[in-house]
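Visitor: sequence unknown, structure follows:
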């Protein structure tokens, strides 16, 4: 198992295996490659991946001058690998996580879902339990690390708004293909087509909202009601995948939450995404908004509103560094396997609720 | 000059009384509510005595949901025109009964729908009507305010079930307006399914209540309505948000500039004075502008609120017929 001992600040170099570049792996690599004491070892993936993923893998390997291994087992067996970052198609998240944990590695998983079914969730849970006992870390990209969310959590823990009771969370992204006709191999198609990703916006972004809500409510989700719609993007309408989702959650503490997840593309929107959470407690209320631009340029020639990204927290980097520091310092990541699996189960309960038209109890 | 009686108490009655003064062509003759009061006019704790007076022709009913339908029927049977903010009734049968009683008596039933005449919603409707958002697909409304003890006490005077203690009554009393607003915004798009949840917002001994209602339209458009009253906010402070998203754009109203509102530290005033909407609705009624009076026997948007209340009871989504 990869591990390190910190003695007077000295740390053994940590090796990273980049498992599949289907999504976000280039961002992981960029953050890790610039970290002192971290070395990218190789890119690896399964042999039965789509050709476009193979091309992404090869390009990433070339970019960082590291080998590309067409065999996950060979990748995991490569000497010096301590950490595995998984950026595969969602359908492979669960098995790759289990394999990596069983091989004794620390794991960073790109966003949810952690698994595609209850059975896979149980497999990941079992592997994670054993891995945790061995001192391994597992985390995933999520939005609880965003500074406004962390500030809200601290305010809640200090009792400033009393006990959280009602939450509204928005995970609405304002970029998307709209009426473009993105075929599966186009830029938008590779990013959104359910042929690759097994669903629509609920699977792409739902867990971000679920995770932040659960994090701030500080209670487990016990019931899920969910409805889906396809409206704003031709790719979603044509494929029957959702780009508008409303979830209503019930919590063990009696609290309630309502979530909206959507992708209505709007190039004039001043924010990259309308992502925020309102928490009403027994003594007050708090809002955390992590996509509101702190730098807004109003360009009279360009039009009324112009999106600027400056000052926005980079959630991917926060997630990568959170896992890396946990490994380096022997601490725990902010969100671990238990959190991830709890969110994953809610995600799939949402799809079940929408299919069956009823509330699903967890 | 309309010769009017008001049946009700609490904040809602106070707003109506203030709105009458803005209109000027309403002569408030008498009133009734369980608690003794006068407002300078004859007042009774028995509404029957008021609705049967010969010197009134119209009754404005602002009583809690559990009582409003019964009062409306009595007023109609006494030959009085009926004013309500929204069609009363805790069941579909009760609501239809009000329509039937007014029709049988040959009196008008007017739903004032003050939310539709408030400045912010009117502006939103104009934006929609102007096509600036395209077809509406998503809406979110949040309205969480301080709950004054006087209003709680006024509600409790009517006995059980009370909006203070009963989640379904709370929903019918305080969420019907925003649900009607959504029906108006979505303009003919039928609601297929409604789901509602509720919780308290305060510690056990303090009355507070919150409902979150999801409207799922037949074309899979969606709307979320959150309504809450709590004693943890200072008077006249709260949270108000309204977002509409259509196929070509969005419009937002929100007070997200606050990061934290804690108890007495919140000082932000109400955005829309609710009296304005009531006064505008009364003015429209007086001018004879068409207001849906349910003459065709259709309970209209009341079915949405009733479905939401049923969803609270059953814990499951309710199909809307």
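Guide: Everything's here; your move. All values derive from a computational prediction rather than experimental measurement. Numbering: from 1, shown residues only, chains lettered A, B, ... in the order given.
Visitor: contacting residues around residue 14?
Guide: In the absence of a named chain, chain A is used. A:2, A:4, A:37-39, A:82-83, A:324, A:327-328 (CB atoms under 8 Å, 6 or more residues apart in numbering or on different chains). All C-beta spots, glycine's among them, are computed from the backbone N, C-alpha and C.
Visitor: you answered for a different chain; I wanted chain B.
Guide: Shown in contact with residue B:14 (CB under 8 Å, 6+ apart): no residues.
Visitor: quick check, it in a helix?
Guide: Yes - checked against DSSP: H, G, I helix; E, B strand; the rest coil, residue B:14 lies within a helix.
Visitor: check what pLDDT it gets.
Guide: pLDDT, residue B:14: 91.
Visitor: nearest spatial neighbour of the most centrally placed residue in chain A, chain-adjacent residues omitted?
Guide: Centroid-nearest residue in chain A, with CA atoms, centre = their mean: residue A:111, separated by 2.0 Å. Counting by CB to CB, 6 or more residues apart in numbering or on different chains, residue A:111 lies nearest to residue A:141, which is 4.8 Å off, once chain neighbours are set aside.
Visitor: so the one you found sits right up against residue A:23, yeah?
Guide: No - between residue A:141 and residue A:23 there is no contact under CB atoms under 8 Å: 10.0 Å.
Visitor: identify the contacts common to those two.
Guide: Contacts common to residue A:141 and residue A:23, judged by CB under 8 Å, 6+ apart, are A:110-111.
Visitor: please identify which of the two sits among more neighbours.
Guide: Between residue A:141 and residue A:23, counted using other CB atoms under 10 Å in any protein chain shown, the more crowded position is residue A:141 (26 against 21).
Visitor: residue contacts, whatever residue of the stretch 1-150 of chain B ends up closest to chain A?
Guide: Residue of the stretch 1-150 of chain B nearest chain A, by CB to the nearest CB: residue B:137 (4.7 Å). Counting by CB under 8 Å, 6+ apart, residue B:137 makes contact with A:229, A:231-232, A:244, A:264, B:221-222, B:245-247.
Visitor: secondary structure of the residue nearest to the centre of chain A: a helix, I assume?
Guide: No - counting by three-state DSSP, residue A:111 is not part of a helix but coil.
Visitor: contacts only, for it.
Guide: A:23-24, A:140-142, A:204, A:207-208.
Visitor: in helices only, show me these.
Guide: Among the contacts of residue A:111, DSSP state H puts A:204, A:207-208 in helices.
Visitor: what's the model's confidence in the helix or strand harbouring residue A:83, averaged?
Guide: According to DSSP states H and E, residue A:83 maps onto strand A:81-86. Mean pLDDT, strand A:81-86: 98.
Visitor: what pairs with it, and is each one parallel or antiparallel?
Guide: Within its sheet, and counting by DSSP bridges, strand A:81-86 is paired with strand A:14-19 (parallel), strand A:106-109 (parallel).
Visitor: not counting that strand itself, show me its contacts.
Guide: So strand A:81-86 is contacted by A:2-4, A:14-20, A:25, A:28-29, A:32, A:41-42, A:75-76, A:93, A:96-97, A:100, A:103, A:105-110, A:320, A:323-324, A:327 (CB under 8 Å, 6+ apart).
Visitor: smallest gap between the stretch 101-250 of chain B and chain A, at which residue?
Guide: The minimum distance from the stretch 101-250 of chain B to chain A, using CB to the nearest CB, falls at residue B:220 (3.2 Å).
Visitor: how far away is the nearest residue to that residue once chain neighbours are set aside from residue A:49?
Guide: Distances taken as CB to CB, 6+ apart put residue A:229 closest to residue B:220, at 3.2 Å, once the chain neighbours are dropped. As judged by CB to CB, to the nearest Å, residue A:229 and residue A:49 stand 31 Å apart.
Visitor: fine by me, we can end here.
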